[in-house]
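A.B. asks: Fold the following and give me the result.
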Amino acid sequence: IVFGALLMIGNRMSKSEESPASGYDWVFLGAIFLVGATGMLTEILRLMDNASLAYPMYFVHLVFVFYVIAFLPYSKLAHLLYRPIAIIHAKNVGRDTAAPAAKAA
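C.D. replies: Here you go, the predicted model:
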C-alpha cells in the first residue's frame, strides 16, 4: 500500500500541471498512504516488543482506517459500491444494462 501510494503521489505530482487534481484526491491518497505507513509502524513496533509505542500507533492506525472507510462514499472509490448496486437494481426491475454503444451495433 505504501509503495503504491508513493507511486501514485509521484505520478500525480509529475502530471499536476497538465491535469490539476482536487483537494479531495490528495486527501484520500494521503489517507491511504497513512493507513499503510501506520500499519507498518505498528507491526514493526510490535515485533520489537515495544508495547508502549505499539498500542498508541495501533490506535492512530485504526483512526486512519476509520477515516478511509467513512470517506469512501464521498470519494472516487464509491463506484466500487455504487455501480454494482445500480446494475443489480436495473436487472431486478427489468431494465437493459447494456452500454449505449453496444445497443447501436
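A.B. asks: residues near the closest residue to Leu80 other than its chain neighbours, how many?
C.D. replies: Distances taken as CB to CB, 6 or more residues apart in numbering put Leu72 closest to Leu80, at 7.9 Å, once the chain neighbours are dropped. (Each C-beta comes from the backbone N, C-alpha and C, glycine too.) Residues contacting Leu72 under the criterion other CB atoms under 10 Å number 14.
A.B. asks: quick one: Asn92 from Gly39, how far?
C.D. replies: Distance of Asn92 to Gly39, computed by CB to CB, to the nearest Å: 38 Å.
A.B. asks: Distance from stretch 23-35 to the middle of the chain?
C.D. replies: Chain-centre distance of stretch 23-35: 8 Å, with CA atoms, centre = their mean, to the nearest Å.
A.B. asks: Can you show me the CA trace of it as CSV?
C.D. replies: In CSV, the C-alpha atoms belonging to stretch 23-35 read as follows (Å, rounded to 0.1, in the frame of the first residue of the first chain):
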residue,chain,number,x,y,z
GLY,A,23,-8.1,18.6,-2.8
TYR,A,24,-10.3,15.6,-2.2
ASP,A,25,-8.0,13.5,-4.4
TRP,A,26,-4.9,14.5,-2.4
VAL,A,27,-6.6,13.9,0.9
PHE,A,28,-7.8,10.4,0.1
LEU,A,29,-4.4,9.5,-1.4
GLY,A,30,-2.7,10.8,1.8
ALA,A,31,-5.1,8.9,4.0
ILE,A,32,-4.3,5.6,2.1
PHE,A,33,-0.6,6.3,2.5
LEU,A,34,-1.1,7.0,6.2
VAL,A,35,-3.1,3.7,6.7
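A.B. asks: Since that was my last question, I'll sign off now.
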